[in-house]
Structure formats: structure tokens, C-alpha cells
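Student: I'd like to go over a predicted model; first the sequence, then the structure.
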Amino acid sequence: MLYFRGHCPTFQSLTLKLSTFVGALWPQPLHVNGRERFRAALGAAIGIALTAWLCLWFVGSGATSPWLVAPIGASAVLIFAVPSSPLAQPWAVIGGNTLSALIGALCAMLIPDPAWAGAAAVGVAIGVMFALRCLHPPGGAAALLAAMAGVDLHFVLFPVLANCVLIVAAGMFYNAMTGRRYPHVAAAPKSAPGTEPNTRFTTADLNAALEHYNQVVDVNRDELETLLRHAEAAAFQRNFGDLRCADIMARDVQTANFGTPLDQAWSVMQKRRIKALPVVDRVGRIVGIVTVADFMRHAGMDKPRGIHGRLRRLVTPSGRVHSEKPEVIGQIMTTHVRKLTVDRHLTELVPLFADGGHHHIPIVDHDDKLAGIITQTDLVKALYGATHL
């Protein structure tokens, strides 16, 4: 029997399926701290208390007609615990509950059997809520309550509509006072769709994924996008966060100073096949950087014809004491240099190379002296190595 259990594929398959089924029934953990849980619970209690008190005051303490409906308790859970949910927004609460109650009342009038009336009311209510973009789970309860109880149309206005308006008003005030957006208005995009920087997906990609999923997602769309971008950033930090500039920089850096002749600097760059020379002062602090692009710009690269001749004349010393053309590195270098310290995380280099237009980033020590340099190639090699460990 033991042999059968350990080696029978059918038994192992059944065990795996049973384990998966049981695991699916087990509730997933909620990533919400105690402070947020208390905030939601207190808000729901306050909202229900205010709604009940105002409605009871309106009808009078001796009234026998209903003044508070049970679905409002479910609405309070959504409004105060998940205020960013599309199912919790004001139109969803007011429209979903009120229209569903109206449908329930009409079904009770048209269908004598309470069971069939309740079933029809819930089904029709869901269809109407979808069509009018006010899908709200407690709306199903409101439709069933109205159909089973056989209420009249006055019940729809009071207490259902009145309860909804009051609980929504309480939610607006309480969520605003506790730092939650409600109603949850979608944040304006920071850039045009499809042009978001430093991410592996765009707004258009997310839209396509939601259309392919084709199910109601109980998360506001902009909140979902924000969560995905935070997850992507966290994954990037986890993979590359321990790498620092000192780990990948080239330490043997060819440098120049302000007075280095152009022909000497150009010759060094050609022989060593480098595209940038940091320019340092006497103590090794960076005062500028000169690149191949600087040489080409001063040679008139906007006019391609004859560029080689003009470049040759640029780097050839004039031999004069006073010359109109540049003679030394300091006259053509870029003085605004983007640099990082040796202990900065590698992740900080990505936006500089991706969006800043930089190709070489000098790295300095804590005394602001040149310690190394990182190129785009160095970064790509480091990222490739980190993802293939």
C-alpha cells in the first residue's frame, strides 16, 4: 500500500489537485497594517451611525416604517475599507443600490412567486448596473430585499436613496479627513500614453491586458498601474539594488587638464579608442569633460561635406600666441558634468543613460576627486551579469 501511494501517478495527481483546491479556499493575506484597518472600521461605524441617526430623526422615533436597510452596511465596507475601488464610488453606491431596489420592487409587482421575483430582480439588476456603469455588490442585496419583501416604490426613495446619499456624504468627509481620495478620481497621466520612461510596460500595454482579461477588476485603473510600477521598481531594486558604482566603474581613467592641447587629446582618444576624457584640476577634481561630439561640434558637423578636413585643422596647432580657433581642451570642453559618487546605487544610472542623453558618467569619491568612469557598455554588462547569476 505504501508503494502504491508513493509511485501511483493517479494518486499523486489526485493529491495535488486536492491540495490545490484546499489552498484556493484558504484566504489570502491582506497587506494592510493595523492603522489602516482601524481607520476603515472606525469610519464605517461613524458612517452607519450618522446615516441611521439622521434617517431616524427624519421619520421620528416612534415610526414603524423602515428607516435603515441592510445593504448599506455592505456599502460601508466598500466606501471606508476600499475607497479607491470602482465598486465603491458615489455613483456605484447611489445608482447601484437605488436602481436595484427599484428593479426589485417592480419584479415583486410583476412576478407573484417571491423566489422567482428575487432571482429575476438580482439578474436584471446586475445587467442594469453593468449598462449604467454603477456595478455595486450590495445592489444585488438591495434588489433581493425589495423583491422578497414586496416593497412599494416609496421604499426606493426612503430609506434606500436617502441611506445611500448619507453614507456617501459621510465617506467623502471621513476619507478626506484621514488622507484617502474619495471619490477616487483617476490621476492625470504624467506623460503621453506609450511614452512612459523607465518601465517595461506602457499605458497602452495595460489597457490591452485589461481588455484581454475581460473581467471586473476591483481596483481603480490608475491605482493598478501605480501598483504595477511600484512592483516593477521593487523587483529592479531587488535584482540590482546591491550593486554600486564602485563595483562596475573603470578605474584606469585617461584624463586631461584645461591646458591639454587639442591634438594631444585627440591622439589619445583615437589610440585608446575612448570617446570621452574627463578634465581635472591639479588635485584631481573634475572641471569638465570633452567628448568626440565636442570635437565634431567645433569642426562644424552640421555641414558633413569636408568634415574631415575641418577636424584636422581644428586639432592642428596654429603656432600663434593669439588664435581665433580653439587650441586647448579647456576651450571646447563641457563644463556642466553629471557625476555620481562611488557609493551610489547602480539603479540611479539607468535614468541618466536612458533619458538624460549621457554616454559616460564620471564617478568621484567623497572628496569629489575622480575615481573612475562608467559607460553605457559597463552598465549593460553589469545588468546582464546580474540577471544571469
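Tutor: Received the coordinates, thanks. Small disclaimer: the values here were computed from a predicted structure and weren't measured.
Student: please make it C-alpha for all contacts and neighbour counts, starting now.
Tutor: Will do.
Student: any idea how this protein splits into domains?
Tutor: 34-177, 203-235, 246-387 (automatic domain parsing).
Student: so which of those domains is the most surrounded?
Tutor: Most buried of these, by mean neighbour count (mean count of other C-alpha atoms under 10 Å): domain 34-177, with a mean of 20.
Student: so where do the strands sit in this protein?
Tutor: 276-280, 286-291, 340-341, 360-364, 370-375 (DSSP state E).
Student: from the chain's centroid, how far away is stretch 366-385?
Tutor: For stretch 366-385, the separation from the chain centroid amounts to 28 Å (computed by C-alpha atoms, centre = their mean, to the nearest Å).
Student: whoops, stretch 54-65 was the one
Tutor: For stretch 54-65, the distance from its own C-alpha centre to the chain's C-alpha centre is 47 Å (C-alpha atoms, centre = their mean).
Student: returning to what we had before: for the strands of the chain, could you give me TSV that also reports distance to residue 214 and mean pLDDT?
Tutor: Output for the strands of the chain, formatted as TSV (distance: least, C-alpha to C-alpha, whole Å; pLDDT from 0 to 100):
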stretch	distance to residue 214	mean pLDDT
strand 276-280	52	93
strand 286-291	52	92
strand 340-341	46	91
strand 360-364	46	91
strand 370-375	44	92
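Student: could you dump the ones you listed to TSV with distance to residue 304?
Tutor: Shown next, in TSV, are these (distance: least, C-alpha to C-alpha, whole Å):
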stretch	distance to residue 304
strand 276-280	22
strand 286-291	18
strand 340-341	35
strand 360-364	25
strand 370-375	27
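Student: of these, which is nearest residue 151?
Tutor: The closest approach between residue 151 and any of those, judged by C-alpha to C-alpha, belongs to strand 340-341 at 71.6 Å.
Student: sheet partners, orientation included, of that closest one?
Tutor: According to DSSP bridges, strand 340-341 forms sheet pairs with strand 360-364 (parallel).
Student: not counting the partner strand itself, show me its contacts.
Tutor: Contacting residues not belonging to strand 360-364 are listed as 245-246, 249, 276, 278, 338-342, 370-376 [C-alpha atoms under 8 Å, 6 or more residues apart in numbering].
Student: sorry, back to before: can you redo the domains of the chain as JSON lines with distance to residue 18?
Tutor: Putting the domains of the chain into JSON lines (distance: least, C-alpha to C-alpha, whole Å) gives the following:
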{"stretch": "domain 34-177", "distance to residue 18": "30"}
{"stretch": "domain 203-235", "distance to residue 18": "26"}
{"stretch": "domain 246-387", "distance to residue 18": "36"}
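Student: nearest to residue 184 among the ones you listed would be which one?
Tutor: Across the domains of the chain, closest to residue 184 is domain 34-177 (C-alpha to C-alpha), at 5.4 Å.
Student: so residue 359 versus residue 251, what's the distance?
Tutor: Distance from residue 359 to residue 251, counting by C-alpha to C-alpha, to the nearest Å: 17 Å.
Student: measure residue 123 to residue 107 for me?
Tutor: Distance of residue 123 to residue 107, given as C-alpha to C-alpha: 11 Å.
Student: grab the most central residue of the chain for me.
Tutor: Closest to where the C-alpha atoms of the chain average out (C-alpha atoms, centre = their mean) is residue 226, at 2.0 Å.
Student: distance check, residue 59 against residue 162.
Tutor: Distance, residue 59 to residue 162, using C-alpha to C-alpha: 12 Å.
Student: what about the stretch 251-389 of the chain, any weak spots by pLDDT?
Tutor: Across the stretch 251-389 of the chain, the ranges flagged by pLDDT under 70 are 321, 355-357, 385-389.
Student: gap between residue 382 and residue 244?
Tutor: 10 Å.
Student: do the same with residue 360
Tutor: Applying C-alpha to C-alpha, the value for residue 360 to residue 244 is 16 Å.
Student: what sits against the closest residue in space to residue 251 that isn't next to it in sequence?
Tutor: Take residue 251 and drop its neighbours on the chain: the residue closest to it by C-alpha to C-alpha, 6 or more residues apart in numbering is residue 372, 4.4 Å away. By C-alpha under 8 Å, 6+ apart, the residues touching residue 372 are 246, 249-253, 362-364.
Student: again, but for residue 94
Tutor: Here residue 94 is in contact with 161, 164-165, 168 (C-alpha under 8 Å, 6+ apart).
Student: between those, which is closest to residue 350?
Tutor: Among the contacts of residue 94, and counting by C-alpha to C-alpha, the member closest to residue 350 is residue 168, at 44.5 Å.
Student: so what's that closest one scoring on pLDDT?
Tutor: Looking at residue 168, its pLDDT reads 98.
Student: shouldn't it be in contact with residue 79?
Tutor: Yes. Between residue 168 and residue 79 there is a contact at 7.4 Å, judged by C-alpha atoms under 8 Å.
Student: OK, contacts around residue 98?
Tutor: So, once contact is read as C-alpha under 8 Å, 6+ apart, residue 98 ends up touching 139, 142, 156-157, 160-161, 164.
Student: and of those residues, the nearest to residue 270?
Tutor: Once C-alpha to C-alpha is applied, the member of the contacts of residue 98 that ends up nearest residue 270 is residue 139, at 74.6 Å.
Student: what's the closest non-adjacent residue to the closest one?
Tutor: residue 97 is the one closest to residue 139 (C-alpha to C-alpha, 6+ apart), at 4.3 Å.
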